[in-house]
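In: just the structure for this:
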Amino acid sequence: FFDPSFHRSFQCVHSHCFWLRGAASCFIAGTATKPHILFIVSDDLGYNDVSFHGSSQIPTPRLDALARSGVILSHYFVQPVCSPTRATFASGRHVIHTGVYDPMNGGSGDLSLNFSLWSNGFKKLGYSTHAIGKWHIGMSSWRFTPLERGFDSYYGYLGGGEDYWTHDDGGAIELFDGRTPVTNASCTDFPNGNANSCPVKYYSADLFTTRAIDIIQAVAEEDTPMFMYLAYQSVHSPDEAPQYLIDQFNNTISNSHRRTFAGMVAALDLSVGQVVDALTAAQMFDNTVIVFSTDNGGPADNFNSNMACNWPLRGMKRTLFEGGVRGVGFLRGPGVPVGQVSGDYVHAADWFHTLLRVGLYGPNVTVPASTSAAGVRGLLPATEPPFLPGDGMDVWDSIRGVAGAAIRSEVLHEAHPHGSTEGNGAALRVGDLKIVIKTGSSWSTGSGIGSNDGWFGGPESSDNVSGSYCLNPADTPKLSVKCGPPPADFKTAFPCELNHSAPCLFNVTADPCEHVDLSTTLPQELLTMLGKLAVYQAAAVPTSATKNPDGGSCPYITEMDGARVWMPCENNGSRPFPPAPKPSPPPSPAPPPPANAFQILHGGKCLSSDLSLAACASTATTRIWYTGKDGAVTDALMAERSCLKVFEASESYQGGCDTWQKLHLGVCRDDSNSFSLRQGELVSNLCPGKCVTAAQSGQGDVVLGACAGTGATDWSER
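Out: Presented below is the predicted three-dimensional model:
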């Protein structure tokens, strides 16, 4: 699957080197008396997208073996979306103290420099520190990027998502080796028009794994303790994977979207296996603490153009139900029991304190909580803000099952000052009880049924169109979380659905899938939970704490080696490279046909020249057929990773969601302005609740109208 010889553009004599802080530097030889630390992150992996949680639909044998060689965390919690979790990993602080409630896309914000990161602590302990893959906690200027936040080397992308093959994000490449943009690792000549048939050496999982293996080999020769943060792009949208991995699910997964997703999970599993093999070959595996974590619950049922599976948990990414915050996680390594499942609560903020404690005291020493906290705090500057309630704690001895070890009793999912509509809302778990309040403006609504609060992918899915896309019925008894059938109509059954300022209360020990609201039957307990939540709400900082200090022009796009590339600004906000000229706007599309004539491929069928459905001659491409001015039927080739997108505001009619907006074919980078399938209709995420209906104006436009179920204009997915 991997080509380890690809993209090694560095060399040293008598030692291994990587691009460190913008220049080639070599590791300092030392004695590895401390355990190595490898922290692996999967992006957008759902709770039941791994087979060690009981589902056999997507086998993950390498992840399963690794998980079972240590402790599987059955009550492991992350934030409901990517940047907040990643900032929490790195700082050990809850989002209520960093203000990182939402994704830091482009230059929208940066994790404050007031906080040291775990990489700074590991440097003080004598570790070499390496970051690979997705960063997503700051890129407006270089001071917010890995090499200036404690890492010796960096290879990856700084933003939230990009193409797996071209590494393009919004019209420019975003892939860095240190501070140098990488322009020679993109596949742009798609075999048969299908990007997924590109050589696998261009695929991001291959690139990141190759770099990880190179570093492991270098560390083994230099005998230096290593901290590696390996954050895979997999399995975030766009849904892309090597075609041969997708094809291995042709006979077992009927949903084409889920089938591609399965190929992405398979690529992740292979990648992790390659890294483990490298550690074993280097005789480092037995002395390496490995943590595996997702960054949030999976985006299910076409949300974020993805098809993850959290079934039977409720909700998904960007919700505070269990499907959004209960993550896939495990820990293995020296001092860790083998073949165990821990039911203790662990939060993403705990890894900072736990892993630095292991580096400080070793994996086999029992350390009192107060000693551990003081030791970790001593690795940080004296001027550093103190850790506060809700922040992380050392859970090493708890996971190891040490008698009398400190155990986390509360998990704060999110909180904001009273009256705030920032972020996703508020949720807190104390013992068996969990309170949820849906006040956040970022709470997601983009699934196939217009709400992300249901139960998706199983036999009683809240979306009866996509149905049981991710569960083999025979697996139900094997699932690590088991629940009965969910409520038929969750939109009217819960007070937090009817009034987003009202709380819902669940006993998540007895009811892990959040089927039964207890807010009216346990009024005293509800008041107690509201009181505890109020303490956190009073301490929460606003999102303005992360505001980009370098202005809206940072980062920026420039040209390098004949390619358009993203570049953070210098630390004074300057842009040393001239901005790249904006590309010419795409030509306006040909006028659409009358109603019902403009269609996307039917599943397994193509539109022939007379607009009748016929068998597809090729499955490698997607074609859009439309009628031109002269009445002739024309076809436009569209790569599978493309989608219909709204033109820039300056090129669209003014008036928002109640007016027509021009469309063009563009690469899907995120869901801020794309259209995706909702029950047979294309729905604009830019205009929630609106669907694309038949063209009316005769000027190449479409109408954004109310969604009325599958209509005569059949826009359907391929």
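In: low-confidence stretches in the stretch 51-200 of the chain?
Out: Applying pLDDT under 70 to the stretch 51-200 of the chain picks out residues 106-107.
In: show me the strands in it, by range?
Out: Along the stretch 51-200 of the chain, counting by DSSP state E, counting those that start in this stretch, strands occupy 71-73, 76-77, 128-134, 153-157, 176-177, 180-181.
In: out of those strands, nearest to Gly323?
Out: Among the strands of the stretch 51-200 of the chain, the nearest to Gly323 by C-beta to C-beta is strand 76-77 (11.9 Å). Backbone N, C-alpha and C define where each C-beta goes, glycine included.
In: picking up where we left off before, any chance of a markdown table for the strands of the stretch 51-200 of the chain, columns mean neighbour count and distance to Pro459?
Out: Shown next, in a markdown table, are those (neighbours: other C-beta atoms under 10 Å; distance: least, C-beta to C-beta, whole Å):
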| stretch | mean neighbour count | distance to Pro459 |
| --- | --- | --- |
| strand 71-73 | 24 | 25 |
| strand 76-77 | 24 | 26 |
| strand 128-134 | 26 | 34 |
| strand 153-157 | 26 | 38 |
| strand 176-177 | 22 | 45 |
| strand 180-181 | 17 | 48 |
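In: out of the ones you listed, flag the one nearest Pro477.
Out: Counting by C-beta to C-beta, Pro477 lies closest to strand 71-73 out of those; the figure is 18.1 Å.
In: give me the contacts around the helix or strand in which Glu559 is found.
Out: Per DSSP states H and E: Glu559 is located in strand 556-560. The contact list for strand 556-560 (C-beta atoms under 8 Å, 6 or more residues apart in numbering) reads 171-172, 181, 183, 564-567, 569, 575, 577-580.
In: redo the strands of the stretch 51-200 of the chain as TSV? Include distance to Arg93.
Out: Below are the strands of the stretch 51-200 of the chain laid out as TSV (distance: least, C-beta to C-beta, whole Å):
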stretch	distance to Arg93
strand 71-73	20
strand 76-77	15
strand 128-134	19
strand 153-157	22
strand 176-177	26
strand 180-181	31
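In: Leu313: which of those strands is closest?
Out: Leu313 sits nearest to strand 76-77 of all those, at 11.9 Å, using C-beta to C-beta.
In: what's in contact with the closest one?
Out: 293, 325-329, 345-348, 411, 413, 429.
In: among these, which lie within strands?
Out: In strands, defined here by DSSP state E, the members of the contacts of strand 76-77 are Ser293, Gly329, Val346, His347, Val411, His413, Arg429.
In: isn't the last one right up against Val411?
Out: The one in question is Arg429. Yes - the criterion here is C-beta atoms under 8 Å, and Arg429 meets it with Val411 at 4.4 Å.
In: who has more neighbours, these two?
Out: Shown here are Arg429 and Val411; by other C-beta atoms under 10 Å, Arg429 has more neighbours (25 against 22).
In: ok, what's across the strand from the more buried one?
Out: Val411, Lys434 (DSSP bridges).
In: between the contacts of strand 76-77, which sits nearest Pro61?
Out: Nearest to Pro61 among the contacts of strand 76-77, with distances taken as C-beta to C-beta, is Val328, at 15.4 Å.
In: that's all I had, so thanks and see you.
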